[in-house]
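Participant: Here you go, sequence then predicted model.
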Amino acid sequence: MASTHWRLILNGKSTGDEPLRDAVAAMRERGIALDVRVTWEAGDAERYVAEAIADGVDSVIAAGGDGTLSEVATALAHRDEDARDLPTLGLVPMGTANDFAAAAGIPIEPLPALETIETRPANAIDLLKLEANGQIHWAANLASGGFGTQVTVETHDGLKKLLGGLSYLITGLSKLGRIEPIQARIAGPDFAWQGGFIALGIGNGRQAGGGQALCPDAAIDDGLLDVTVIPELSGEVAATLATLLKDGKQAALDQAAVRVQLPWVEIESDAPFALNLDGEPLESRHFKVECAASRLRMHLPEDCPLISRIEAS
C-alpha cells in the first residue's frame with residue numbers, strides 16, 4: 001500500500017508554534033510523510049503548491065489564517081487540472097480570526113485539525129472567482145465590502161495579536177458614528193439592487209472580519225453565492241447601535257439585510273471602492289464574482305455546517 005504524502009504550507013508568522021510542531025511529529029509517527037514549507041514573501045505558496053504537485057503529494061495543507069488558506073486555494077484553483085487530479089486541501093487554523101475554520105467547524109488545535117485530514121475523505125467545494133481590473137482572483141471564504149472591509153483594513157496588527165477576533169468588533173464599534181455608505185448597482189440573474197450600502201458580503205463561507213456573519217446560511221458546495229446587502233441606515237446609526245448592544249450584532253444585520261443566492265453577481269460603482277477578498281483588499285469600480293462550483297476537494301469535519309450535500313471522494 002502506497003504511503004500517504006502531505007505538504008504543509010505554514011505562514012511564516014507561526015514558525016515557533018510548539019503545538020503544531022508536536023502535531024506534525026505525531027502524524028509522522030503514524031506513518032504519514034509530512035513535509036513543511038514556510039512562506040516568507042509573495043509567491044511562496046504558489047511555488048510550494050507547484051512543487052507539491054510535481055512531487056505527487058496527496059494533500060496540501062494550509063497552516064495559517066484565512067489569507068493563507070486563500071493563497072493555497074488560489075495556487076491550486078487556477079491550474080488547468082481537474083479537481084480530481086489535484087491534491088486535496090486541508091487547513092490547520094493559525095490566524096487571528098480564523099473565520100473560515102470557525103464557520104466550517106474545523107478544530108482550532110493543530111493535532112485535531114490534522115486528524116480531520118487523516119480521517120475525513122475530501123468533499124468537493126466551491127470557490128469564489130472574482131474579476132476586477134482585468135485580473136482574476138480566487139478565495140475560499142468570502143468577499144466583503146463597506147463597513148466590514150474598513151474594519152478589517154484599519155484594525156491595528158498589535159490589537160489583533162492581543163485580542164484576536166474581538167479586536168475587529170472593538171474597531172467596528174468605534175467606527176459606527178462615521179459610516180459612509182457606498183453607492184453601487186448590484187445585479188445577477190433575476191436580481192437587481194441599487195442604492196447605498198454600509199456592508200456587503202458575497203459568501204462561499206459565512207463570516208469575515210473576526211466573526212461578522214454576513215452570509216449565515218452559505219454552503220460551500222451548493223454551486224451558489226450567498227449575497228448579503230446591508231443598506232445605508234438613513235441617519236439611524238444611533239438606533240442600530242442600540243440594537244447591537246441590546247440584541248447582539250447579528251440581530252441588527254438581520255433586520256436590515258437584503259439576501260439572495262446567485263451563481264454570479266456584478267457590482268458597479270461610480271467611484272472606486274474596496275472589496276476584501278479573504279484579507280486582500282481589492283479596489284475597483286467594477287467587480288464580477290462567480291461561484292466556481294466543485295473547483296477543489298477539501299477535508300472537512302463530518303458535521304461541517306458549510307456542507308449541504310455529502311459527496312466525499
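Facilitator: The structure has been received and is ready for your questions.
Participant: I'd assumed Gly105 was in contact with Asn98.
Facilitator: No - judged on CB atoms under 8 Å, Asn98 makes no contact with Gly105 at a distance of 11.3 Å. Quick note: C-beta positions are derived from backbone N, CA and C, even for glycine.
Participant: When the two are compared, which one has more neighbours?
Facilitator: Asn98 (24 against 15; other CB atoms under 10 Å).
Participant: got any ranges where this structure has weak pLDDT?
Facilitator: 1-2, 147-179, 210-211, 233-256, 309-313 (pLDDT under 70).
Participant: quick one: the strands in it?
Facilitator: Secondary structure of the chain (DSSP state E): strands at 5-11, 33-39, 59-64, 88-93, 122-132, 135-139, 142-146, 182-188, 191-203, 225-231, 258-262, 264-277, 280-299.
Participant: hey, what's in contact with both of Asn98 and Gly105?
Facilitator: The overlap between the contact sets of Asn98 and Gly105 (CB atoms under 8 Å, 6 or more residues apart in numbering) is empty.
Participant: Break the protein down into its structural domains.
Facilitator: Each domain of the chain is listed here as a residue range: 5-122, 135-293, per automatic domain parsing.
Participant: got the end-to-end distance for the longest one?
Facilitator: Taking CA to CA, to the nearest Å, the first and last residues of domain 135-293 lie 20 Å apart.
Participant: What distance do you get for Ser294 to Arg7?
Facilitator: When CB to CB, to the nearest Å is the yardstick, Ser294 and Arg7 sit 22 Å from each other.
Participant: So if I had to pick from these two, which one is more boxed in?
Facilitator: More crowded of Ser294 and Arg7, by other CB under 10 Å: Arg7, with 23 against 18.
Participant: contacting residues around that one?
Facilitator: If a contact means CB under 8 Å, 6+ apart, then Arg7 has 34-35, 37, 48, 51-52, 55, 57, 59-61, 87 as its contacts.
Participant: Including neighbour count and distance to Ser70, could those residues go into a markdown table?
Facilitator: As requested, the contacts of Arg7 are arranged in a markdown table below (neighbours: other CB atoms under 10 Å; distance: CB to CB, whole Å):
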| residue | neighbour count | distance to Ser70 |
| --- | --- | --- |
| Leu34 | 21 | 22 |
| Asp35 | 16 | 21 |
| Arg37 | 18 | 17 |
| Tyr48 | 24 | 14 |
| Glu51 | 13 | 19 |
| Ala52 | 26 | 17 |
| Asp55 | 11 | 23 |
| Val57 | 22 | 19 |
| Ser59 | 22 | 17 |
| Val60 | 25 | 13 |
| Ile61 | 27 | 14 |
| Pro87 | 24 | 17 |
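Participant: Dead centre of the chain: give me the residue that sits there.
Facilitator: With the centre of the chain defined as its mean C-alpha position, the nearest residue by CA atoms, centre = their mean is Asn141, 2.4 Å away.
Participant: Gly67 is in contact with that one, correct?
Facilitator: No - judged on CB under 8 Å, Asn141 makes no contact with Gly67 at a distance of 9.7 Å.
Participant: so how many other residues sit close to the nearest residue to the residue nearest to the centre of the chain once chain neighbours are set aside?
Facilitator: Nearest residue to Asn141, sequence neighbours excluded (CB to CB, 6 or more residues apart in numbering): Gly205, at 3.8 Å. A count of neighbours around Gly205, defined by other CB under 10 Å, yields 29.
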